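Peer 1: Predicted coordinates and the sequence they were generated for:
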Amino acid sequence: MTAPTRAYRWRTTIPAPEGVAETALEHVELKIAETGIGAEGVVIGGVGSAAHGLRWRITVDPDWTAVRSLHLTRLGGPTVALRHDGYGEWSDGEGRRRGEFAGLSDCLVEGSPFGLTALLKRLGAKANKTQTVEVVAVTVPGFELSRAAVTLQPIEAGRRLRLTRDGHTEEIELDADGVVIDWGGHTRRLALEPAA
């Protein structure tokens, strides 16, 4: 039996003071199977020297309990690979332990809505109360890795929330499956089905 696949696409537009908006387009293919959940995405974004293209792959436990692996490649640039043992320990692509991330279950890739979806799915009903969660955060396009605290505050249970990181707060709208529709007014999901 073939695992169900869903496709999502988001456009990000961030106005710039100089009048040249920064734009990005992300396309994600999500496959849900009894053995696990896999998502692959491509991103094209940035302007000038920050222009970049990247591809990524994330795998998650079948019941969304933890991100199991993250693999990011910037076209023409570096690669980042992380693996999670399911018990709170992380290692890099060469098997070296990453103790600074011990105890974490989630990853957020800057600018990508899928990591937030995985986090909310893991939290389940607990996502309907205000809480702070630590995650492995990855910057784009620099691929710096850090341990970061993210505060989630529900506005409308399961549909709207506030996300605060590094003192910056944004409102996020979700669909009934917990997938991002709108992130801070600058990232919006695009319809992939033709209009009727």
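Peer 2: Alright, I've got the coordinates.
Peer 1: Helix or strand: which one has the closest residue to Arg74 other than its chain neighbours?
Peer 2: Distances taken as CB to CB, 6 or more residues apart in numbering place Leu54 nearest to Arg74, at 4.7 Å, with adjacent residues excluded. (Each C-beta comes from the backbone N, C-alpha and C, glycine too.) Using DSSP states H and E, Leu54 maps to strand 52-60.
Peer 1: Rounded mean pLDDT for that strand, please.
Peer 2: For strand 52-60, mean pLDDT rounds to 93.
Peer 1: The helix or strand where Arg162 lies pairs with which strands?
Peer 2: Per DSSP H and E: Arg162 is located in strand 160-165. Neighbouring strands of strand 160-165 in its sheet, by DSSP bridges, are strand 145-156 (antiparallel), strand 168-174 (antiparallel).
Peer 1: Export only the CA atoms of it, formatted as PDB.
Peer 2: Presented in PDB, the C-alpha positions along strand 160-165 are these (Å, rounded to 0.1, in the frame of the first residue of the first chain):
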ATOM      1  CA  ARG A 160      -4.300  30.500  16.000                       C
ATOM      2  CA  LEU A 161      -1.300  31.000  18.300                       C
ATOM      3  CA  ARG A 162       1.500  33.500  19.200                       C
ATOM      4  CA  LEU A 163       5.100  32.300  18.900                       C
ATOM      5  CA  THR A 164       7.800  34.200  20.700                       C
ATOM      6  CA  ARG A 165      11.500  33.700  20.100                       C
END
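Peer 1: Outside of that strand itself, list whatever touches it.
Peer 2: 116, 127, 137, 148-155, 169-174 (CB atoms under 8 Å, 6 or more residues apart in numbering).
Peer 1: With stretch 53-62 instead?
Peer 2: 33-45, 66-75, 86, 107, 109, 112, 114-115, 118, 121, 140-141.
Peer 1: run the last query once more with 6 Å
Peer 2: Residues from elsewhere that reach stretch 53-62, judged by CB atoms under 6 Å, 6 or more residues apart in numbering: 36-44, 67-75, 118.
Peer 1: Measure how the lowest-mean-pLDDT helix or strand in the chain sits relative to strand 145-156, angle-wise.
Peer 2: Among the helices and strands of the chain, helix 114-123 carries the lowest confidence by mean pLDDT, DSSP states H and E, at a mean of 84. Comparing the axes of helix 114-123 and strand 145-156 via axes from the mean of the first three to the mean of the last three CA atoms, to 10 degrees yields an angle of 70 degrees.
Peer 1: Which residues are in contact with the residue sitting nearest the centre point of the chain?
Peer 2: Geometric centre of the chain, nearest residue: Gly115, 2.4 Å, by CA atoms, centre = their mean. Contact analysis of Gly115 by CB under 6 Å, 6+ apart lists Cys107, Leu108, Val109.
Peer 1: Can you report how many residues lie near the closest residue in space to Leu75 that isn't next to it in sequence?
Peer 2: Excluding the flanking residues, the one nearest Leu75 by CB to CB, 6+ apart is Gly53, at 4.2 Å. When neighbours are defined as other CB atoms under 10 Å, Gly53 has 15 of them.
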